[in-house]
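S.K.: Just a sequence and a predicted model for now, questions to come.
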Amino acid sequence: MTPANGRLRDLVVEDEFVIADTLAAILKSIGFDAAPIYSGNVAVANARDSGLGSLVCDTILDGVSGIETAIQIRAIVECPANFEPVCMRETGAKGAGDGTRKEAYA
């Protein structure tokens with residue numbers, strides 16, 4: 001689904017409010033229609049209702065993980081023919097150095 005303005009929304013999914021808001025503001029400043037989203041479940045609902053231009057997602061979220069969020073969104077949002085898989089790697093404070101790093105390929 002494409003919104004009335006013809007632009008698809010770019011979602012920044014991060015449970016750290018300052019990080020989500022800052023990254024969304026940076027993306028807006030360079031022309032993206034970025035929206036900060038603070039949970040995986042809300043991101044899935046937003047993508048279902050409004051379509052999706054791009055997804056920037058933390059891998060470690062409270063509740064549904066970022067990896068599961070990306071999988072769910074990919075299942076409901078039509079990807080363009082030239083869609084390229086993206087590698088997500090968790091290296092933040094919650095998992096850094098404790099052996100819990102994860103990698104996922106879309």
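M.R.: Received it, and whenever you're ready, just let me know what you need.
S.K.: Am I right that E78 falls within a strand?
M.R.: No: counting by DSSP: H, G, I helix; E, B strand; the rest coil, E78 is located in no strand; its state is coil.
S.K.: A75: which element?
M.R.: Assigned by DSSP states H and E, A75 belongs to helix 66-76.
S.K.: wait, I meant A35
M.R.: strand 34-37.
S.K.: So, low pLDDT: which residues of this structure?
M.R.: Counting by pLDDT under 70, the chain contains low-confidence ranges at 1-7, 79-106.
S.K.: So which residues of it form helices?
M.R.: Listed in chain order, the helices of the chain (DSSP state H) span 17-29, 40-50, 66-76.
S.K.: need those in a markdown table with distance to D10 and mean neighbour count, can you?
M.R.: All C-beta spots, glycine's among them, are computed from the backbone N, C-alpha and C. Output for the helices of the chain, formatted as a markdown table (distance: least, C-beta to C-beta, whole Å; neighbours: other C-beta atoms under 10 Å):
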| stretch | distance to D10 | mean neighbour count |
| --- | --- | --- |
| helix 17-29 | 6 | 14 |
| helix 40-50 | 11 | 18 |
| helix 66-76 | 12 | 18 |
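S.K.: Indicate which one of those is closest to R9.
M.R.: helix 40-50 (5.4 Å; C-beta to C-beta).
S.K.: Please put the alpha-carbon coordinates of that closest one into CSV.
M.R.: Presented in CSV, the C-alpha positions along helix 40-50 are these (Å, rounded to 0.1, in the frame of the first residue of the first chain):
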residue,chain,number,x,y,z
GLY,A,40,8.8,-4.6,16.9
ASN,A,41,5.1,-5.2,17.1
VAL,A,42,4.3,-1.5,16.4
ALA,A,43,6.7,-1.7,13.4
VAL,A,44,4.9,-4.7,11.9
ALA,A,45,1.5,-3.0,12.3
ASN,A,46,2.8,0.2,10.8
ALA,A,47,4.3,-1.6,7.8
ARG,A,48,1.1,-3.6,7.3
ASP,A,49,-1.0,-0.4,7.4
SER,A,50,1.2,2.1,5.5
